[in-house]
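Undergrad: Can you look at this prediction? I've put the sequence above it.
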Amino acid sequence: MKLKKGDKVLVISGKDKGKTGKITKALPRFEKIVVEEVNVRKKHQRSKKEGKKGQIIQIAMPVNVSVVKFLCSKCDKAVRLGYKKVENGKKVRICKKCESEV
């Protein structure tokens, strides 16, 4: 999985198509990510203490990685990511359109 926590992504399909957001959590084992303000569900929560009211909270649920595309900061487009080896043997992520490092 080439996407990481903190990356900015664009949703390309589903009910939230066209929305952008930052990845708050990555779940590589399940090929899913959690994006802020995307795929939000309401959860009814009981009161914790006696005499207090319960509340409805909103939780961002995970979406599949195939539903989003990375937003490149250099070319300002939704792109695919690739890898490139640098001279010291490390792998770096690159934008497939503008060939710049991410």
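TA: Everything's here; your move. Numbers count the residues shown, from 1 in each chain.
Undergrad: pull the longest strand from the chain.
TA: Scanning the chain for the longest strand, with DSSP state E as the assignment, gives strand 20-27.
Undergrad: For that strand, name the packing helices and strands.
TA: If contacts are counted by 3 or more C-beta pairs under 8 Å, 6 or more residues apart in numbering; DSSP states H and E, strand 20-27 sits against strand 8-11, strand 32-35. Quick note: C-beta positions are derived from backbone N, CA and C, even for glycine.
Undergrad: 10 Å instead, please
TA: With contacts defined as 3 or more C-beta pairs under 10 Å, 6 or more residues apart in numbering; DSSP states H and E, the packing partners of strand 20-27 are strand 8-11, strand 32-35, strand 55-60, strand 68-71.
Undergrad: and the third one, what does it pack onto?
TA: So the one you mean is strand 55-60. strand 20-27, strand 32-35, strand 40-45.
Undergrad: Please identify the pairing partners of the shortest one and their relative orientation?
TA: Using DSSP bridges, strand 32-35 pairs in its sheet with strand 20-27 (antiparallel), strand 63-64 (antiparallel).
Undergrad: related to what we said a few turns ago, mean neighbour count, mean pLDDT and distance to Val63 for the helices and strands packed on strand 55-60 - can I get that in CSV?
TA: Formatted as CSV, those follow (neighbours: other C-beta atoms under 10 Å; pLDDT from 0 to 100; distance: least, C-beta to C-beta, whole Å):
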stretch, mean neighbour count, mean pLDDT, distance to Val63
strand 20-27, 16, 97, 10
strand 32-35, 22, 97, 6
strand 40-45, 10, 95, 11
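Undergrad: out of those strands, which comes closest to Leu71?
TA: strand 20-27 (6.4 Å; C-beta to C-beta).
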